[in-house]
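return atomic coordinates for the entry below.
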Amino acid sequence: MSNPEDESSDTPQEPPDRLGRRFLVGTFQLGVGTTAAALANVAIGILLARILGPEEFGLFAFAFVICELIGIVGAFSLGNALIQSRDESPELYDTALVMSLGLAIVSLLIAAAIAPFLFRARGSEAMQFLLILTAGRSLVLLAQVPRAKLERSLRYGRVTTLTMLETTLPNVIALGLAWLGWGAWALVARDLLVSALTLSLETWSSGYRFRASLSRPAAQQLMTFARPMFVSRAIEILVMRSDKLAVGAFLGNVAIGLIDRARFVADIGLFVMRPVERASLNLFSRVQDDLTRLSRAYEIVNYFLVRAMFAGGCVLLLTPSETLELLFGKEWIGAAPALRWLAVHAAVFPVFSMIKVLVIARNRVVRLARISAIQAALLIPGTLIAAWLGSFEGVAVVVALTTLSGTALGILWSRDLASVSYRQLFGVPLAAGVLSAGMLFAIVLTDANQFVPPLARPFAVGGAFVALVLAMEPRRIRRELGYLRTQLALDDSAKPAS
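Residues are numbered from 1 along each chain as shown. Now for the predicted structure:
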């Protein structure tokens, strides 16, 4: 007799139409819940920045970035390996958990070795921050296994609820602690609480229980995916964090506080698109052998993503000072020169993220390693030199150029994985951005900007961009929305094939 647990762990093969509908419904659930949580957390992050100021944020950010670099140890992305796998079994989950535990222990040992040096460089608080943050990241490493089980089961409603609780509650508590005068400790408490909630709630909700079903073949299968992924992710983490490390090391706490919040604003789009990214990995992995369906799914996700991200990038590029004052107050306007360059990163990086999702789903992660290596060769020395020279803006320039180069290489090296016209994806948004900039400059030159309050200018720029896109391609928008409506209208009553 077969084991019921083994049967329940097998992923059902969805009929094509039903899979598309479940993806859209799941993405909508994730999108609504996660966007609501993201907006709430962005608002709380803004209030925290107003309460703490650049100095307190900088102290935390410096310890945090060192913790993130230690996190390279866990860059094997075992959760993604579980999602990408064509099959699943208790052996895969249990083996992945044991491997994650080993990686967590190694990261804690590295943090303990670095702590005395950080104590001499920045004091006891920075050292304590590092040790606590690393302990929290270790819990997140363990949580990737139950999270993978939840996502493979397509229980997006439950994932949404958990995500909202795991992120919003700790932020609310951190806001209260900051108001009570905890300073940067409020941010440390937030991160630790996020980690603990993530592990406990997702383990409970997924139904996953460790039963020591370990096997060497399962480890080999996971590592076949994880080894090249480690190289890619390790270099990617270096690329993502080296700018803050360089600024913190050479320019001090205030400077890293400013660059941290500038990156926070530039990466808001990434927070919003995260549910789409996770759901897309699930979908692309399931249809990875059907090039027609994969290409269509990849195209329509990127169609809406590019237009949304370019709108935000246009706002940051044209009105950086107004955006910072609107969000954080005048104390943070010093980050405007960096934010103007990071606007390029904001517009393009989400596209690069979706290219990575496609490459991971097709299990071609060696290509990501090559791209990440080239980016690291540009970013690490570039940011170190810029920070050493005292150029705060120069660091942001290097980040923007690195993102552009990585995206260009990603497009070039992923053309065989999905059939899509990037010219059509980028053409209209680029034109709308240029026209929006021209309109703003014309207003400034004619002194008509006096009729638009400074804090209203970001909204004016964003509104102009959206209006231009709608005017330039109304039929394409109707066609794509019609396709999504068709998918949502498909009958969901059909049962999966037995």
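
roughly how far does Thr323 sit from Arg362?
37 Å (CB to CB, to the nearest Å). Backbone N, C-alpha and C define where each C-beta goes, glycine included.

which one of those two is surrounded by more residues?
Higher neighbour count among Thr323 and Arg362: Thr323, with 25 against 20, using other CB atoms under 10 Å.

please report how far the residue nearest to the more buried one when sequence neighbours are not counted lies from Trp413.
Nearest residue to Thr323, sequence neighbours excluded (CB to CB, 6 or more residues apart in numbering): Pro458, at 4.9 Å. Separation of Pro458 from Trp413 (CB to CB): 35 Å.

looking at those two, which one has more neighbours?
Set Pro458 next to Trp413 and count neighbours by other CB under 10 Å: Pro458 wins out with 22 against 16.

that one touches Thr319, doesn't it?
Yes - if you go by CB atoms under 8 Å, Pro458 and Thr319 touch, sitting 4.7 Å apart.

for Arg86, the count of nearby residues, please.
10.

quick thing: my sequence starts at 20, can you match it?
Sure, I'll start numbering at 20, so the last one becomes Arg105.

that one: what secondary structure?
coil (DSSP: H, G, I helix; E, B strand; the rest coil).

tell me the phi and psi of Gly121?
The phi and psi values for Gly121, taken as degrees, to the nearest 10, are phi -60, psi -40.

now swap in Phe229 and tell me
Per-residue torsions, Phe229: phi -70, psi 130 (degrees, to the nearest 10).

surely it meets Ala115?
No - with contact defined as CB under 8 Å, Phe229 does not reach Ala115; the gap is 10.4 Å.

higher neighbour count, those two?
Neighbour totals were compared for Phe229 and Ala115, and Ala115 leads with 26 against 16 (other CB under 10 Å).

Ser96 touches Pro247, doesn't it?
No - shown here, Ser96 and Pro247 do not form a contact pair, counting by CB under 8 Å, at 10.2 Å.

which parts of the stretch 20-169 of the chain are strands?
Counting by DSSP state E, counting those that start in this stretch, no segments of the stretch 20-169 of the chain form strands.

for Val418, see how far away Cys333 is.
Look at Cys333 and Val418: by CB to CB, they are 18 Å apart.

over to Ile89?
Relative to Val418, Ile89 is positioned 21 Å away (CB to CB).

who has more neighbours out of these two?
A direct count of neighbours by other CB under 10 Å for Ile89 and Val418 places Val418 higher, at 30 against 22.

give the contact list for the more buried one.
Counting by CB atoms under 8 Å, 6 or more residues apart in numbering, Val418 touches Asp262, Trp360, Leu361, His364, Leu398, Thr402.

same thing with Phe269?
Counting by CB under 8 Å, 6+ apart, the residues that Phe269 touches are Leu403, Ala406, Trp407, Gly409.

hmm, 7 Å instead?
Ala406, Trp407 (CB atoms under 7 Å, 6 or more residues apart in numbering).

Provide the backbone phi and psi angles at it.
phi -100, psi -30.

show the pLDDT at it.
On the pLDDT scale, Phe269 is placed at 87.

how many neighbours does Leu387 have?
25.

tabulate the contacts of Val418 (JSON lines), appending distance to Leu78.
Listed next are those as JSON lines, based on distance: CB to CB, whole Å:
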{"residue": "Asp262", "distance to Leu78": "17"}
{"residue": "Trp360", "distance to Leu78": "25"}
{"residue": "Leu361", "distance to Leu78": "22"}
{"residue": "His364", "distance to Leu78": "24"}
{"residue": "Leu398", "distance to Leu78": "24"}
{"residue": "Thr402", "distance to Leu78": "20"}
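
do I have it right that Ala205 meets Ala197?
Yes - contact criterion CB atoms under 7 Å: Ala205 and Ala197 qualify, at 4.0 Å.

any idea how far Val258 lies from Leu358?
Taking CB to CB, one finds Val258 at 19 Å from Leu358.

oh, that last question was meant for Pro369, not what I typed.
According to CB to CB, Pro369 stands 17 Å off from Leu358.

repeat that for Met146.
Relative to Leu358, and taking CB to CB, Met146 is found at 31 Å.

could you do Gly195 as well?
29 Å.

between those two, who's got more neighbours?
Under the neighbour definition other CB under 10 Å, Gly195 and Leu358 were set side by side, and Leu358 has more, 28 against 12.

who are the packing partners of the host helix or strand of the more buried one?
Element membership for Leu358 (DSSP states H and E) is helix 355-380. On a contact count with 3 or more CB pairs under 7 Å, 6 or more residues apart in numbering; DSSP states H and E, helix 355-380 meets helix 97-103, helix 272-285, helix 287-305, helix 310-337, helix 339-347, helix 384-407, helix 411-432.
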